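1. quick one: sequence and predicted model below, then my questions.
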Amino acid sequence: MENVIPPGKPAVAPSRRAASGTGGEALNSTLASKRFGPSLGAFALLTVLLASASARGQVSEPAPRPDEQFDFMNFITQHGLHDIKDESWNAYGQFTYITSWHLPFSERYTNLNNPPGVGNSLLPTSERSWTGTSTLFLGLRLWHGAEAYFVPEVVAEQAFSGLHGLGGAIQNFELQKQGATSPIVYQSRAYIQQTIGLGGGRVVQDSNPLQLGNVVDGRRLVIRAGDFSVIDFFDKNTFSGDLRESFFNMAFLTYAAYDFAADARGYSLGAMAELYYDDWSARIGRFAAPQDPNGLPLTLEIDKFYGDQIEIEHEHQLFGRAGAIRVLGFHNRENMGAFRDAIAAFRTAPATNNASNCGSRFNYYPPGTTGPDTAPDLCFVRSPHDKVGIGINVEQHITNDIGLFFRGMYSDGQTEVYSFTSTDRSISLGATAKGSAWQRPFDVAGAGFGVGWISQAHADYLRMGGIDGFIGDGTIREAPESVIDVFYSVSVANAVWLSADYQRVWNPAFNADRGPVDIFGARVHAEY
Amino acid sequence: MPSIRALTGRVKATAFAAVLAAPSAWASRAGAQQQTQGFAVERYYPSAPGGGWLAMDTLDMHGGVGGAVALTGGYAYNPLVVTDGARRVGVVTDQAFAAVGAAITYDRYRFYINFSHPLVISGTGGLVGAYSFTAPYVDAGKNPDLITDVRIGYDVRLVGHSDSAFRLGIGAQLYLPNGDRADYDTDDTFRAILRVLFAGDVGHYTYAGQLGWHIRPLDDSPTPGSPQGSELVFGAAAGPRLPIGCGGTHAIVVGPEIYGETAIQSFFGSNTTGLEALLSGRFEGTADDGSQLRIKLGIGGGLSAHFGAPEFRLAFGIELFDHNTDRDKDGVSDSRDACPDTPGVKTKDPKTNGCPASQGP
């Protein structure tokens, strides 16, 4: 939470440093192709150097760093080598390794009517998945009010079933759509922001990843442009935002139904503005969309294809405890296929407009394969379409160390997933708690529940054997996909956490004929 | 799910295969055709962040914990043209990059890291003798997050002070492979450069140079225009340093930078040596403490035709650096120390900060 300084008082940083534009004390933390050569050695070395994010997610904004925690900036400050309250630069890093296993589960069919090796089902046999990310957050003050950030990141991963078969309840938020087991270094963020003071009380902004320590006006306009993720600044939540210290499941990263414009890694080129006015803030932005659904290259015709978002936020005190409410709306204009159109095309000419005839049209089948000739496909009907959604995000402290969160979003669900998950409507809620009550103040525990739905058109398309970017079992008995996620993070050393996690996913890929799936996970996370 | 980039690549590969169909039929009659894999074509290695020249290094680290951040960039025309005498193929005709780097300095030591982001890498591809070259295709507009080989470096000055007439140091750079050989932006192997650095300031003149060993495992010989293993790297720069502004708070340095590489297995052979020259100029702040700005620009091109030495090159750099000197070593940097030559204590009052207790400046 920002720390308002009464006029005439010196700025005093709080005991726990807060991120820009967020409300409440943070319990959580985090963020997250090309081929990479001698992979493991390079990854190990870069891991030391770099300090995470996902679209199918991999973006998780970094959490604030406590003053008492070890990190490079605190270290040099304590040695009198840096002014952390008025920074001209800063550098932070993180490393996160997550491993997950799912047990064999029951199912009535897998990739029904598809050739062997083709289809989007989660395999029913036991599988292991893992991710490793390391990120370096560099910030530099350019001139008064102007800051530049550059964030290189290295990622390596292996997903369950090629990242298929789960709707919004992906078991590991770090997974990227085009990840590989060989480490890949890429530039996750490179942007500039200008803050224009508008008066009001003075506010301390503590030194953190993506935030230079300084003092700003409580009323201010922040303009930002460059390469970053929509969810770096939209849909923040203290208790369900930066997942590297909390939940494992992507359902808690943001709204599962929030198909925010992003490339395959979760980032985009764009511009946005934020207005902070005492307890209120509002943000609006436009971002470039990928050329093809869920792809890496972006289209730069930002006047024709784009993702717009607007959010209004109010921070409040309820029974003396901090909380916040955010309402977000998005509107995407992208070259995407509508489920009803694909179904109509198939019914009009089933012999030609079926999944075996996509040819060179963009489609979701592996190279050299086709879908069944009995299924519709979106490849025949892609054209400029609009997609809209609206969501509400609530967070509330109930004690100093325990917080509750809730997110709910409704999107029209008439078109294919373009950047995030296959979910069309979603709800997530839960609680996280620091371990102060049991004398483990740096431990974190949490429990969350998420549920997602798909639209009727989406379900009809899947029932006929169609697939989208991530799901499609050959047919479907439609049901909400839901997940529980329970974790405990042990602070094993200063700024190093070891976490254990359990998840159960019901109706994976919104299909009542499959699952439930039990998933066990472990994580090592370090910050520096 | 296949990547768009991979799909695009396949479409390109298919089209390219069609284009190659006729000549490849000829090649199959002439003999076995070899498909080349690509490599890191760039042989202009920018100086460390805060290093002064575009390619050479002033080796003037000093002061307390300071550092530098640098945004560098450049464009090269025809950095890789392959010919067998009868046919000439511009495999890489246009190459542009932007790089971000940061360095931490302390006394005579420097540690740094660079991330290079290709903006454009393009060419034409084709057949040269029995070798088939595929054109690279990198477009930063569509792939804004690419990073090629990451450079990590460490330098230390062994002889001389930051302003001596002769300074000697050593340095090591490690390149972590990242990218795609087919894009001619990486060897896909680890590489390292071990260097001896020298520099000095004599009156209003300054110079710098280097001699080093580029440990490069990739040996693509006899493929024309390709790396042939480890290389000797060398270079020198010199020019006048002209103080400007009141009290010489800034300076302009103008002079040539000449640098190159030659494969050790064929020392200074005509097909293994690249030599390039830049006429470089820079404008920089000269204060020992506080943030200083340096803007540098260079124009030049290859003196001998080999990969990495382009027909034309434009290079630029913008750096912010701070030596963070503290003459009295009281923990208050000189720019904030009201008594910079007398050890003192930190206070919140700028007028007494760094002065002995109960004493003003």
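-> Received, thanks.
2. what's the spatially closest residue to residue B:347 that is not a sequence neighbour sitting at in phi/psi?
-> Closest residue to residue B:347 apart from its sequence neighbours, by C-beta to C-beta, 6 or more residues apart in numbering or on different chains: residue B:353 at 4.9 Å. For the C-beta atoms, the positions are set from N, CA and C on the backbone; glycine is no exception. Per-residue torsions, residue B:353: phi -60, psi 120 (degrees, to the nearest 10).
3. can you pull the contacts of residue B:353?
-> In this structure, residue B:353 makes contact with B:332, B:336-338, B:344, B:346-347, judged by C-beta atoms under 8 Å, 6 or more residues apart in numbering or on different chains.
4. check residue A:372 too.
-> So residue A:372 contacts A:113-115, A:354-356, A:465, A:474 (C-beta under 8 Å, 6+ apart).
5. could those go into TSV alongside pLDDT?
-> Shown next, in TSV, are those (pLDDT from 0 to 100):
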residue	pLDDT
A:113	88
A:114	85
A:115	83
A:354	94
A:355	93
A:356	93
A:465	95
A:474	94
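6. out of those residues, which are buried?
-> Buried subset of those (neighbour count, 16 or more other C-beta atoms under 10 Å in any protein chain shown): A:113-114, A:354-356, A:465, A:474.
7. residue B:281 contacts residue B:257, correct?
-> No. Counting by C-beta atoms under 8 Å, residue B:281 stays clear of residue B:257, with 10.4 Å between them.
8. for those two, indicate the residue with more neighbours.
-> residue B:257 (25 against 16; other C-beta atoms under 10 Å in any protein chain shown).
9. strand partners of the helix or strand where that one lies, parallel vs antiparallel please.
-> Using DSSP states H and E, residue B:257 sits in strand B:250-263. Partners of strand B:250-263 in the sheet, by DSSP bridges, are strand B:231-244 (antiparallel), strand B:273-285 (antiparallel).
10. for it, buried residues please.
-> Buried residues in strand B:250-263 (16+ other C-beta under 10 Å): B:250-251, B:253, B:255, B:257-263.
11. circling back: let me know the closest of the contacts of residue A:372 to residue A:229.
-> Within the contacts of residue A:372, proximity to residue A:229 (C-beta to C-beta) peaks at residue A:355, which comes in at 32.3 Å.
12. tell me who's in contact with that closest one.
-> The contact partners of residue A:355, by C-beta under 8 Å, 6+ apart, come to A:363, A:365, A:370-373, A:375-377, A:379, A:465-467.
13. ok, now how distant is the closest residue to chain B within the stretch 351-500 of chain A from residue B:134?
-> In the stretch 351-500 of chain A, no residue comes nearer to chain B than residue A:367, which is 5.3 Å away by C-beta to the nearest C-beta. Using C-beta to C-beta, to the nearest Å, one obtains 18 Å as the distance from residue A:367 to residue B:134.
14. comparing the two, which residue is more hemmed in?
-> Ranked by neighbour count (other C-beta under 10 Å), residue A:367 and residue B:134 place residue B:134 first, with 23 against 8.
15. all the helices of the chain, in order from the start?
-> If you meant another chain, say so; for now it's chain A. If DSSP state H is used as the criterion, the helices of chain A fall at A:39-49, A:72-78, A:339-348, A:456-463.
16. wrong one, I was asking about chain B
-> For chain B, the helices defined by DSSP H cover B:4-30.
17. what residues sit buried inside stretch B:342-361?
-> Judged by neighbour count (16+ other C-beta under 10 Å), stretch B:342-361 contains these buried residues: B:343-344, B:352-355.
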